[in-house]
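**Q** I would like to see how this sequence folds:
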Amino acid sequence: MNNDTKLLKKLLREEIRQKLKAMTAHERQDESSMVCKRAIELCSINPGSVTLAYMPLKTECSPVEFFEHVHENGGYVAFPRCEENGELTLYIPNDAEAWEKNGYGIMEPIPSKSKLVWPDELNLIIVPALGYDHYCGRMGRGGGFYDRLLSKTTAYKLGICFSCQFLECIPFEPHDEYVDCVITGNGNVYYKNS
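**A** Got it, this is the predicted structure:
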């Protein structure tokens, strides 16, 4: 990795973390709701389809309203589980008791109480990030979990973020993965290669 790129990403991550901490709970709720409304307008959900979502941390854009919409339309919602080898395994939880908190403070499905799903079974992925840009470039938290997953699937990749997480341009490296579309907290939508 180029040291300049590494340093720039580190600085951008810290800048975004500070902006996220400064948001009020009300602002987070309003922007998450706007993002979900736009996602519902843009993404058709077919019965039996599988959407990968995530349980949001306190400072993350929440996809909860969207995955409730998926359930209401007969779709299934899978969630990732971080593994020690740097990979994500994907599960559809059986019920509200099928959850536990991991070392990062993220709620994850308990494998024995969930159905395993493979990346090629996914139709749509709601992708979290620390930042997105106009080109649908993504900057994660630095672990590479989602870059590895996104390279293994042809599912439609939808990035969601608060407006303060949207950047003009993210420094990109060969292993970094783009998403197909980004929706920001102010309702703007950006498409890859547009």
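**Q** pretty sure Glu177 sits in a helix.
**A** No. The assignment for Glu177, made by DSSP: H, G, I helix; E, B strand; the rest coil, is coil rather than a helix.
**Q** now it. Nearest residue, chain neighbours left out?
**A** Leu150 (4.0 Å; Cβ to Cβ, 6 or more residues apart in numbering). Bear in mind the C-beta positions are built from the backbone N, C-alpha and C, glycine included.
**Q** for Lys192, same thing?
**A** Take Lys192 and drop its neighbours on the chain: the residue closest to it by Cβ to Cβ, 6+ apart is Cys136, 4.0 Å away.
**Q** which pLDDT does the model give the one you found?
**A** Note on Cys136: pLDDT of 93.
**Q** now swap in Asn2 and tell me
**A** At Asn2, pLDDT is 65.
**Q** what does Pro56 give?
**A** Model confidence at Pro56 (pLDDT) stands at 94.
**Q** by contact count, what packs against the biggest helix by length in the chain?
**A** Counting by DSSP state H, the longest helix found in the chain is helix 3-22. In terms of contacts (3 or more Cβ pairs under 8 Å, 6 or more residues apart in numbering; DSSP states H and E), helix 3-22 is packed against strand 131-133, strand 138-139.
**Q** can you put those in JSON lines and add mean neighbour count and distance to Asn3?
**A** Shown next, in JSON lines, are the helices and strands packed on helix 3-22 (neighbours: other Cβ atoms under 10 Å; distance: least, Cβ to Cβ, whole Å):
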{"stretch": "strand 131-133", "mean neighbour count": "22", "distance to Asn3": "20"}
{"stretch": "strand 138-139", "mean neighbour count": "22", "distance to Asn3": "17"}
